[in-house]
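S.K.: sharing a model that was predicted from the sequence below.
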Amino acid sequence: MVASKSIGSRIWDRVIEALLILISITTLYPFIYIISMSISSPDAVLAQEVWLLPKGFSLGSYNIVFENQEIWRSYGNTLWYTVVGTTINVVFTLMGAYALSRKEFFARDAVMIYIAITMFFSGGLIPTFILVNSLGLYNTRWAMVIPGAISAWNLIIARTYFQTSIPDSLPESAKIDGCTDIGIFIKIILPLSVPIVAVLIIFYAVGHWNAWFNALLYLSDSSLHPLQLFLRKILLMNSPDMLQEGMEDAFERLAYTIQLKYSSIVVATLPIICVYPFVQKHFVKGVMLGAIKE
């Protein structure tokens, strides 16, 4: 029989449960508040009557957001940066990680030391800007995807996966059968690397979806701005240009100006929030893959 818990142990369990509930409430409150503010009536928003649940109901701010052409253009830009950038990231990271995981590569230790150094020391903001400008990437879409083509951290995670999950005998036997290095990588290694590929796609895609600072630095053309930079514009500048021209009531304009911030946050973050529950297990797996490094 399993011995029953002591009174002190049961009390400690209740304390932990209460603490977890408190943390959950603290985490969920901002999401609930933002959604409530975005769908409450403008009068309740202006009167600051919304604390948790919606007061009244109105989708007027969402109508204004979706009727704005700039947000759709920003959505399209973000999708382009996410898809193209993630593809470039994953391809180059996998190729580099596989090469550095092979024992026969004589310079792998020296290259890994060089890569590890970049995790602690960078070239700096101004030299990076000069480099991007010199390469002709300034004010182009490629400025968002080329400079950060490979993440040193993700490269180390992928290299660790190849070293611990792909036996050396597998590529060696394929070479004996006459398979080339490229053939081994495409036909053998990649089909066996679905878990790490999924992890890399998630890490890189989330990074591109949330990226805004590089766009602020390298994209002067507003037609190339991603969704997050558009959201920043709304939050910092109140975006009065988004309001309907026929909205003459000053109080109504002020209420919608406040409410637009919250509805824009919901529109910008909802896709990634909906995707996250389906890929959460891969985030956990990614942490475990990077737990041991050689």
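M.R.: Happy to help now that I have it. Note that this is a predicted model, so its numbers are computed, not measured.
S.K.: only C-alpha atoms from now on, for both contacts and neighbour counts.
M.R.: OK.
S.K.: helices and strands around the longest helix along the chain, which ones?
M.R.: Ranked by residue count under DSSP state H, the longest helix found in the chain is helix 250-289. For helix 250-289, the packing partners by 3 or more CA pairs under 8 Å, 6 or more residues apart in numbering; DSSP states H and E come out as helix 7-39, helix 42-46, helix 60-67, helix 152-165, helix 194-210, helix 227-237.
S.K.: distance from the chain centre to the fourth one, please.
M.R.: Taking CA atoms, centre = their mean, to the nearest Å, the mean C-alpha location of helix 152-165 is offset from the chain mean by 20 Å.
S.K.: can you check the first one too?
M.R.: Here helix 7-39 shows a centroid-to-chain-centroid distance of 25 Å under the convention CA atoms, centre = their mean.
S.K.: buried residues, it. List them.
M.R.: 32-39 (16 or more other CA atoms under 10 Å).
S.K.: packing partners of it?
M.R.: By 3+ CA pairs under 8 Å, 6+ apart, helix 7-39 packs against helix 60-67, helix 250-289.
S.K.: show me what secondary structure element comes after the first one.
M.R.: Secondary structure here is assigned by DSSP states H and E; on that basis, the next helix or strand after helix 60-67 toward the C-terminus is helix 69-101.
S.K.: need the next SSE after that next one, C-terminal direction.
M.R.: helix 108-118.
S.K.: got the angle for that following helix vs helix 152-165?
M.R.: 150 degrees (axes from the mean of the first three to the mean of the last three CA atoms, to 10 degrees).
S.K.: for helix 108-118, packing partners?
M.R.: Using 3+ CA pairs under 8 Å, 6+ apart: helix 108-118 touches helix 69-101, helix 152-165.
S.K.: nearest to I273, out of the ones you listed?
M.R.: helix 69-101 (15.4 Å; CA to CA).
S.K.: for the record, mean pLDDT for that closest one?
M.R.: Mean pLDDT, helix 69-101: 92.
S.K.: centre-most residue in this protein?
M.R.: Nearest residue to the geometric centre of the chain (CA atoms, centre = their mean): V206, 1.8 Å.
S.K.: show the model's pLDDT score for D249.
M.R.: Per the predicted model, pLDDT is 61 at D249.
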